[in-house]
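J.: sequence plus the predicted model coming up.
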Amino acid sequence: MRRILISTLLMLCLFGGNVIAGPNDTQTEIQKYIKDLEKDDFPVRKEAVEALSKIGTPAMPELTKKLGWPFMTSCGHAAQVMVNIGKPAVPALIEALGNKDNLVRTNAAWAIGQIGADAVEAGPTLVALLKDNDEQVRAEAAAALGSVGYKKGEAVAGLINLLKDNAGTVRMNAASSLGQMENDAVSAVPNLIVAIKDENIGVREKVIEALKKIGTPEALQIAQDKKTNLTQEKAIEIAKEYALKKGEDLKQYAAPNARFDENRRVWHVYFEMDPPRIGGMFGVEVDDISGKAINLLYGE
């Protein structure tokens, strides 16, 4: 009995009083924290994310099973834990990209994109997902290709095709990733030039950013082109008509000013009360491509 007591005391001295968890203990912890990820209590989920991230690779099988959960919060989801684990999680995430569940594929692609360059080996699988039937999967796969830095010709070609996708988010992510590929995406310049007239303002903004990053003389010339479809006078006329339809009494306002946003291809037309007063200003955004007023903005 005395020998057992001495041995126990020696163990406590050597390991600072910490008990070394065995495999069964670790699995028990994993199961506990996996369940905690489902709870509505944010601090509990946050603690679970941190704990599972520290456990790392042993938690991967259970985390992979849970990739089909909808996002509750960015830090309350199995995908976020896998991002925190980083490179060791990549093989399991690549396998998850082939799952039949759309949400699993979406979350796996998102996680790979968040991991970044350490997940470049996922490139070929991500390229295949650019043709996925689900638009969220295509969008996340397109975004991830730029983040991981997979710049081979098949990736560029696949992203070029997505510039004509029906979903605006997909087109936006495709343009953004082409920009991240810089010189490796020179072949995309003609298609990006066409996409600069996309009906979606967010897409146009990413297209212009991409052209600037690719940086060829032709790309820069188009991206920095200040030519407009509408004259300033026409943009103001469209803005006035829109404001009147929205019930604004323009007799109270001074002559409006207009500024062209070349990055979005949008006119900003500003109306200010005469004399000026707090809350006596509003603006109208006019799309230079479609020639339509798209937004009414109020400010002080």
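T.: Right, received. Where do you want to start? Just so you know, these numbers come straight off a predicted model, no measurement behind them.

J.: quick check: domain ranges of this protein?
T.: 22-150, 232-299 (automatic domain parsing).

J.: return the most buried member of these.
T.: Mean neighbour count (mean count of other C-beta atoms under 10 Å) peaks for domain 22-150 among these, with a mean of 19. (Each C-beta comes from the backbone N, C-alpha and C, glycine too.)

J.: give me the distance from that domain to the chain's centre.
T.: 15 Å (C-alpha atoms, centre = their mean, to the nearest Å).

J.: pLDDT weak spots in the stretch 201-300 of the chain?
T.: 299-300 (pLDDT under 70).

J.: closest one to A188 among the domains of the chain?
T.: The closest of the domains of the chain to A188 is domain 22-150. By C-beta to C-beta, the value is 11.9 Å.

J.: still on that earlier bit, make TSV from the domains of the chain and add distance to E182 to it.
T.: Output for those, formatted as TSV (distance: least, C-beta to C-beta, whole Å):
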stretch	distance to E182
domain 22-150	10
domain 232-299	18
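
J.: out of those domains, flag the one nearest Q180.
T.: Between those, domain 22-150 lies closest to Q180; by C-beta to C-beta that is 3.7 Å.

J.: any idea what A293 is bridged to?
T.: Beta bridges link A293 to V286, judged by DSSP bridges.

J.: elements contacting the helix or strand containing Q114?
T.: Here Q114 sits within helix 102-115, counting by DSSP states H and E. With contacts taken as 3 or more C-beta pairs under 8 Å, 6 or more residues apart in numbering; DSSP states H and E, helix 102-115 sits against helix 78-85, helix 90-96, helix 123-129, helix 135-148.

J.: now these as JSON lines including distance to D25 and mean pLDDT?
T.: JSON lines is the format used below for the helices and strands packed on helix 102-115 (distance: least, C-beta to C-beta, whole Å; pLDDT from 0 to 100):
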{"stretch": "helix 78-85", "distance to D25": "19", "mean pLDDT": "94"}
{"stretch": "helix 90-96", "distance to D25": "23", "mean pLDDT": "96"}
{"stretch": "helix 123-129", "distance to D25": "35", "mean pLDDT": "98"}
{"stretch": "helix 135-148", "distance to D25": "35", "mean pLDDT": "98"}
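
J.: would a markdown table of those helices with distance to K32 be doable?
T.: Output for those, formatted as a markdown table (distance: least, C-beta to C-beta, whole Å):
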| stretch | distance to K32 |
| --- | --- |
| helix 78-85 | 14 |
| helix 90-96 | 21 |
| helix 123-129 | 32 |
| helix 135-148 | 30 |
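
J.: would you map the strands across this structure?
T.: Assigned by DSSP state E, the strands in the chain fall at 257-261, 266-272, 281-287, 293-299.

J.: how far does the first one sit from its chain's centre?
T.: This means strand 257-261. Distance, centroid of strand 257-261 to centroid of chain: 29 Å (C-alpha atoms, centre = their mean).

J.: each with direction, which strands does it pair with?
T.: Partners of strand 257-261 in its sheet, by DSSP bridges: strand 266-272 (antiparallel).

J.: contacting residues for N84?
T.: By C-beta atoms under 8 Å, 6 or more residues apart in numbering, N84 lies in contact with 49, 53.

J.: I'd like to know how far it sits from Y33.
T.: 13 Å (C-beta to C-beta, to the nearest Å).

J.: with I160 instead?
T.: I160 is 43 Å from Y33, by C-beta to C-beta.

J.: now swap in K87 and tell me
T.: For K87 relative to Y33 (C-beta to C-beta), the value is 21 Å.

J.: ok, now P190?
T.: 51 Å.

J.: quick one, what contacts D101?
T.: Contacts of D101 (C-beta under 8 Å, 6+ apart): G68.

J.: look up the pLDDT of it for me, please.
T.: The per-residue pLDDT reported for D101 equals 93.

J.: phi first, then psi, for it.
T.: phi -80, psi 120 (degrees, to the nearest 10).

J.: sorry, back to before: dump the helix holding Q114 to CSV, keeping only the CA atoms.
T.: Presented in CSV, the C-alpha positions along helix 102-115 are these (Å, rounded to 0.1, in the frame of the first residue of the first chain):
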residue,chain,number,x,y,z
ASN,A,102,-25.1,19.8,-50.8
LEU,A,103,-24.6,21.4,-47.4
VAL,A,104,-21.7,19.1,-46.6
ARG,A,105,-20.0,20.0,-49.9
THR,A,106,-20.7,23.7,-49.4
ASN,A,107,-19.2,23.7,-45.8
ALA,A,108,-16.2,21.6,-46.8
ALA,A,109,-15.4,24.0,-49.7
TRP,A,110,-15.8,27.0,-47.4
ALA,A,111,-13.5,25.5,-44.8
ILE,A,112,-10.9,24.7,-47.4
GLY,A,113,-11.0,28.3,-48.6
GLN,A,114,-10.5,29.5,-45.1
ILE,A,115,-7.5,27.3,-44.6
